[in-house]
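Visitor: Starting from these lines, generate the structure:
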Amino acid sequence: MAPSSPRDLSAARREFITHFSPRFLLSWLAVALVVRVIVGQWSWTNVVVLVVVIASQPFVEWVIHVFLLHARPRKVFGREIDTIVAQDHRAHHQDPRDIPLIFIPRRWLMYLFVGSTVISLLIPGMGNKATAWFVTSAAALVYEWTHFLIHTDYKPKTRIFRHIYNSHRWHHYRNEQYWFGVTSDIGDRVLGTAPDKDEVPVSKTARNLADSPRVRPRRVS
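Guide: Take a look at the predicted model:
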């Protein structure tokens with residue numbers, strides 16, 4: 001990537017907003033907020049939906065990262081199937097500083113939007129549906145901002161962000177078989193993929209997922 005990678009939050013925000021994914025998610029969030037206010041129907045069950053979405057975020061990130069982003073080509077009835085999102089993720093690992101490759105591809109944003117809308121419709125109560133839609137758009141935006149910032153030249157100023165920053169960079173530059181979380185390492189800790197950095201060897205295939213072994217999450221003794 002060009003040496004003009006953002007080094008401070010102001011420059012990072014300016015760069016962030018120039019890309020399609022953040023603009024789409026900000027628009028989605030704004031519409032979701034308006035819908036939530038119009039629908040009203042505030043109740044304690046809205047809080048339950050909020051907690052469930054937030055609590056599931058680390059595990060959703062983990063599952064998507066392990067089973068979709070790190071998916072290997074498979075032969076189905078003699079035909080090789082290799083998803084676009086997995087191909088894009090291999091390119092992202094090959095050059096983690098290439099800014100356009102950091103963001104969720106447009107097609108997958110549409111899948112996220114449609115999928116979250118369908119799931120929201122299955123939740124009882126219009127207030128709960130609106131809450132789920134709003135929280136999902138906010139969670140996706142937080143994911144994009146965090147992932148983007150980690151891959152810029154901005155250096156962490158807080159302990160929490162430094163922890164997330166280090167974990168994700170270890171995934172890219174030390175060993176691609178561990179540290180799958182982006183906004184949190186809770187999923188990694190629960191599912192056994194958050195070892196201390198020095199407990200696992202430096203991988204020769206962290207930048208070349210095409211030659212990387214299939215991800216088989218395992219606890220480090």
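
Visitor: so what does the least confident helix or strand in the chain by mean pLDDT touch, helix or strand wise?
Guide: Lowest on mean pLDDT, DSSP states H and E among the helices and strands of the chain sits strand 74-76, with a mean of 82. Under the contact criterion of 3 or more C-beta pairs under 8 Å, 6 or more residues apart in numbering; DSSP states H and E, strand 74-76 touches strand 79-81. No exception for glycine: its C-beta is placed from N, CA and C like everyone else's.

Visitor: So, low pLDDT: which residues of this protein?
Guide: Within the chain, the stretches with pLDDT under 70 are 1-4, 216-221.

Visitor: where do the helices sit along it?
Guide: Remark: helices assigned in the chain by DSSP state H are 9-16, 20-39, 44-63, 84-94, 106-122, 126-150, 159-173, 186-191.

Visitor: Show me the one of those helices that comes nearest Arg72.
Guide: Taking C-beta to C-beta, helix 84-94 is the member of those nearest to Arg72, at 7.5 Å.

Visitor: any idea how far the residue lying farthest from the centre of the chain is from Leu109?
Guide: Taking C-alpha atoms, centre = their mean as the measure, the residue most remote from the mean C-alpha position of the chain is Gly78, 32.0 Å away. According to C-beta to C-beta, to the nearest Å, Gly78 and Leu109 sit 32 Å apart.

Visitor: before we move on, back to that, pick the most deeply packed of the helices of the chain.
Guide: Mean neighbour count (mean count of other C-beta atoms under 10 Å) peaks for helix 126-150 among these, with a mean of 21.

Visitor: what's the angle from it to helix 106-122?
Guide: 150 degrees (axes from the mean of the first three to the mean of the last three C-alpha atoms, to 10 degrees).

Visitor: what is the orientation angle of helix 126-150 with helix 20-39?
Guide: Going by the same axes, to 10 degrees, helix 126-150 makes 160 degrees with helix 20-39.

Visitor: tilt between helix 126-150 and helix 84-94?
Guide: Here the directions of helix 126-150 and helix 84-94 differ by 30 degrees (the same axes, to 10 degrees).

Visitor: Which other helices and strands does helix 126-150 contact?
Guide: helix 9-16, helix 20-39, helix 44-63, helix 106-122, helix 159-173.

Visitor: can you list these in TSV and add distance to Asp98?
Guide: Compiled in TSV, the helices and strands packed on helix 126-150 are given as follows (distance: least, C-beta to C-beta, whole Å):
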stretch	distance to Asp98
helix 9-16	13
helix 20-39	14
helix 44-63	21
helix 106-122	16
helix 159-173	12
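
Visitor: about what we covered before: can you tell me how far the residue farthest from the centre of the chain is from His172?
Guide: 34 Å.

Visitor: what's the answer for Met126, then?
Guide: In terms of C-beta to C-beta, Met126 sits 42 Å off from His172.

Visitor: what do you get for Ile81?
Guide: 25 Å.

Visitor: so who does His65 touch?
Guide: 180-182 (C-beta atoms under 8 Å, 6 or more residues apart in numbering).

Visitor: If we use 6 Å, what do you get?
Guide: Phe180 (C-beta atoms under 6 Å, 6 or more residues apart in numbering).

Visitor: List the contacts of Val202.
Guide: Arg174.

Visitor: Go again with 8 Å.
Guide: 174-175.

Visitor: phi, psi of it?
Guide: phi -70, psi 130 (degrees, to the nearest 10).
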